[in-house]
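Undergrad: My questions concern the predicted model and sequence given below.
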Amino acid sequence: MRDASWMMMLGFGVLALSFLACTWRIVRGPSFQDRILGAETLGMVAMVGGLGMSMVYRSGVLKDFAFALSIVTFVGSFLALRVYRR
């Protein structure tokens, strides 16, 4: 069990670094497309984090949260691209 716990902590650390990198891309992105890509990737990182937390706490509610977050992220990025095309 100890080996699994440090691997989960390492995985959450990598997710935290990915979260920071995506946030940096959203804030400092040179173009609108970079910001949309950063937001889409940030949504995926948050979804994977929610799924990881659902594994740690053995909670089905967090799986539903991750699924809803993936749908909202997809719809948001789709709408942002539609607005950008106009």
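TA: Thanks, I have the structure now.
Undergrad: List the buried residues for stretch 59-79?
TA: 62, 65-66, 69-70, 73, 77 (16 or more other C-beta atoms under 10 Å). C-beta here means a position set from N, CA and C on the backbone, and glycine is covered the same way.
Undergrad: Quick check: closest non-adjacent residue to the residue nearest in space to the middle of the chain.
TA: For the chain, the residue sitting closest to the mean C-alpha position, by C-alpha atoms, centre = their mean, is V45 at 2.4 Å. Counting by C-beta to C-beta, 6 or more residues apart in numbering, S18 is the residue found nearest to V45 once chain neighbours are left out, at 4.7 Å.
Undergrad: Any stretches of the chain with poor pLDDT?
TA: Where the chain drops to pLDDT under 70, the residues are 1-3.
Undergrad: Where do the helices of it begin and end?
TA: Along the chain, counting by DSSP state H, helices occupy 2-28, 32-57, 60-85.
Undergrad: Point out the most buried one among the ones you listed.
TA: Greatest average neighbour count among the helices of the chain goes to helix 32-57 (a mean of 16), per mean count of other C-beta atoms under 10 Å.
Undergrad: Please state the offset of it from the chain centre?
TA: Remark: helix 32-57 is offset 1 Å from the chain centroid, using C-alpha atoms, centre = their mean, to the nearest Å.
Undergrad: Just want the angle from it to helix 2-28.
TA: 160 degrees (axes from the mean of the first three to the mean of the last three C-alpha atoms, to 10 degrees).
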